[in-house]
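Chemist: the following block contains a protein sequence and its predicted model.
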Amino acid sequence: MGEWLATEASIASYWLVNRSLSTLYFSGLAVLFTGTSPVLAELREFTDVKGRKITAEFLGLNGESMVNLRMDGGKMVTVSLARLSVEDQKYINAHPAAKLSPVILPAKPLIAVTDWNEKLQRDESYFINKNGQRAFRRSIRKIKEDGFASGLWDFAIVEGPYPGLLDSEGMALFGVSRSGPPQLTAGSDAPIVIARYGTGDDAYVQYLRKDGKPFINTRFAAGRPFNSERAWVNLDPGDLPGSGAQRQGNGTWTLIDYQGNLLHAFEDLVVNDFSEGRAGVALDIRSSEWAIIDTDAEVIAEGPFRRVGKFINGSAVVDGRLMDREGNWLMEEKGEWQIERKYENSESDAIVARRTKRVAGKPRFGILRRSTGEFIADIPDEYYVDRGFFDGLAVVRDLKTQNFGYLSRTGEIMIPTEFSRAAPFKGGFARVSLGQIYERAVINLAGEVVWKARLQEIAIPEEENDDALKKTELDAPEGLEKPAP
């Protein structure tokens, strides 16, 4: 079996091929737009053009030409679609997941972790690569935000000891080992960071490139990340949100472009950051009514709406329903489905919705296609989905066992509910806790553990009596148990 498709396949703990970007269409065994209950992935016998066979699970297309399979032992095999038999190609091309928008993953994901260092006798933060190995040896005092996941997988904000940016090779782009801006913020959809200097009324921000040079020479009292080539700024300290005599409650937010041009100002109104060229803006000082504008500050949908979410896959959740970028509703008013606020940032062209009325024989929650509002699959009542879909999978909790796993966009339990804690995927990886909460680990999209945290050992005096031992155990901080051999 190890030589099957040897010329095309690579067996690895992580399936991402080394390309600038990889596109993955995740699998699901539920029938798209008809809806079936989540089931565990099924094994299938795949055959190559030379008649060689392998039993594996189909996990998805890696771009247009590669196929990802999971073997019995959990290892990943990436093969060429053209090397599979005609029947296998038909099966894959007709798979329901192919109807959903692709998931884009980074070519070189570096994941931030914190681990116990026995030599230093303290926790340390560092980055791991796709194989779970330490990416570089540079000493890092603190990883800001979510590391490379917050920096377009191109850079990370760290302290080491000074705030600064690291590239994916561990080289300082600016700051880090020498003094730089005291505060840095990522979050833009371009390689731009916000640097904050000074304190009080003398504080200001400036937009910097990833090499530390000014992106815009103008200084502002405050600013938010660039998205869709637009950012919101407070021009002067008097524009800042606040309650002082010289500050209005919501502040004055001015829209700027990449050149720093002032495009439009919203006085004493709350504004949302742009996403896919659209942003929600409040119409009153209480933020009880909202409209949607484009990057020229022109109104696209005047509402008034009670709430406007972020635009993802061409739509936003507006008042619990999906609306496209042109202001058209994708769901009926008072229809079968309603989307709760906790799911409105769901990605991967899938979103969790709740039935507005109880229907006999139907579970309360289901999955809709985000870009169209079409129904995909039901979610049985014994499962609870947390936050929605990221990298094509959603954290799901089994309400009977209280364990966590991952659900695919088409209603399939892709990774069994066997974790005591689980976080959403980012860049093809997720942080989880194994059998115990203190057993921290990182898994890939196949559910394979690529990294496990070391645990600090506690030396207990041998002469202590039973009562003292019990007290020590009770008082021991979480996460200090001795790891299993």
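Modeler: Nice, I can see it. Numbers count the residues shown, from 1 in each chain.
Chemist: every contact and neighbour count from this point should use C-alpha atoms.
Modeler: Will do.
Chemist: need the per-residue pLDDT for the most centrally placed residue in the chain.
Modeler: Centroid check for the chain by CA atoms, centre = their mean gives Lys426 as the closest residue, at 4.0 Å. At Lys426, the pLDDT value in this model is 95.
Chemist: verify the stated contact: Asp284 with Phe266.
Modeler: No. At 10.6 Å, Asp284 and Phe266 do not qualify as touching, with contact defined as CA atoms under 8 Å.
Chemist: give me the more crowded residue out of the two.
Modeler: Neighbours were counted for Asp284 and for Phe266 using other CA atoms under 10 Å; Phe266 has more, 18 against 13.
Chemist: and the gap between that one and Asn272?
Modeler: Per CA to CA, to the nearest Å, Phe266 is found 11 Å from Asn272.
Chemist: likewise for Phe419?
Modeler: For Phe419 relative to Asn272 (CA to CA), the value is 35 Å.
Chemist: and for Ala149?
Modeler: In terms of CA to CA, Ala149 sits 21 Å off from Asn272.
Chemist: with Gly164 instead?
Modeler: Gly164 is 27 Å from Asn272, by CA to CA.
Chemist: more neighbours, these two?
Modeler: In this view Gly164 and Asn272 are compared by other CA under 10 Å, and Gly164 has more residues nearby, 29 against 17.
Chemist: CA atoms only for the strand ranked longest in the chain, dumped as PDB, please.
Modeler: In the chain, with assignment by DSSP state E, the single longest strand is strand 53-62. Output of strand 53-62 as PDB, limited to C-alpha atoms (Å, rounded to 0.1, in the frame of the first residue of the first chain):
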ATOM      1  CA  LYS A  53      -6.200   0.000  -5.000                       C
ATOM      2  CA  ILE A  54      -6.300   1.800  -1.700                       C
ATOM      3  CA  THR A  55      -9.000   2.000   0.900                       C
ATOM      4  CA  ALA A  56      -9.400   5.600   2.200                       C
ATOM      5  CA  GLU A  57     -11.700   8.500   2.900                       C
ATOM      6  CA  PHE A  58     -12.100  11.200   0.400                       C
ATOM      7  CA  LEU A  59     -11.400  14.600   2.100                       C
ATOM      8  CA  GLY A  60     -11.400  17.000  -0.700                       C
ATOM      9  CA  LEU A  61      -9.900  18.500  -3.800                       C
ATOM     10  CA  ASN A  62      -6.600  20.300  -3.400                       C
END
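Chemist: give the next helix or strand downstream of that strand.
Modeler: strand 66-71 (DSSP states H and E).
Chemist: what's that next one packed up against?
Modeler: In this structure, strand 66-71 packs against strand 53-62, strand 76-80, with contacts taken as 3 or more CA pairs under 8 Å, 6 or more residues apart in numbering; DSSP states H and E.
Chemist: mean confidence score for it?
Modeler: Strand 66-71 shows a mean pLDDT of 77.
Chemist: tell me where the stretch 351-485 of the chain has helices.
Modeler: All helices of the stretch 351-485 of the chain, identified by DSSP state H, counting those that start in this stretch, fall at 466-475.
Chemist: all strands of the stretch 301-450 of the chain, in order?
Modeler: All strands of the stretch 301-450 of the chain, identified by DSSP state E, counting those that start in this stretch, fall at 315-318, 321-324, 337-338, 350-355, 365-369, 375-379, 383-390, 393-398, 404-408, 413-419, 421-422, 429-433, 440-444, 449-452.
Chemist: coming back round to it: right, and the helices and strands packed on strand 66-71 - which one's nearest Arg307?
Modeler: Shortest distance between Arg307 and these, using CA to CA, is found for strand 53-62: 35.3 Å.
Chemist: let me see the mean pLDDT of that closest one.
Modeler: The predicted model assigns strand 53-62 a mean pLDDT of 79.
Chemist: got any ranges where this protein has weak pLDDT?
Modeler: Along the chain, segments meeting pLDDT under 70 span 1-41, 60-64, 76, 98, 243-248, 457-485.
Chemist: again, only using 80
Modeler: Along the chain, segments meeting pLDDT under 80 span 1-42, 58-78, 95-104, 243-249, 456-485.
Chemist: for Ser348, give its distance to Ala446.
Modeler: 17 Å.
Chemist: the two: who's more crowded?
Modeler: Counted by other CA under 10 Å, Ser348 and Ala446 do not tie: Ser348 has more neighbours, with 25 against 21.
Chemist: list phi and psi for the more buried one.
Modeler: Main-chain dihedrals, Ser348, degrees, to the nearest 10: phi 60, psi 20.
Chemist: again with Pro96
Modeler: phi -60, psi -30.
Chemist: please shift the residue numbers so they start at 41 in all later answers.
Modeler: Right, with 41 as the first residue, what we last looked at is Pro136.
Chemist: how about TSV for the strands of the stretch 341-490 of the chain, with mean neighbour count added?
Modeler: Below are the strands of the stretch 341-490 of the chain laid out as TSV (neighbours: other CA atoms under 10 Å):
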stretch	mean neighbour count
strand 355-358	28
strand 361-364	24
strand 377-378	23
strand 390-395	25
strand 405-409	25
strand 415-419	24
strand 423-430	21
strand 433-438	26
strand 444-448	27
strand 453-459	22
strand 461-462	24
strand 469-473	23
strand 480-484	23
strand 489-492	19
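Chemist: may I see those arranged in TSV, with distance to Arg178 as well?
Modeler: Supplementary listing: the strands of the stretch 341-490 of the chain in TSV, determined by distance: least, CA to CA, whole Å:
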stretch	distance to Arg178
strand 355-358	41
strand 361-364	45
strand 377-378	48
strand 390-395	39
strand 405-409	43
strand 415-419	45
strand 423-430	30
strand 433-438	32
strand 444-448	33
strand 453-459	31
strand 461-462	28
strand 469-473	22
strand 480-484	21
strand 489-492	19
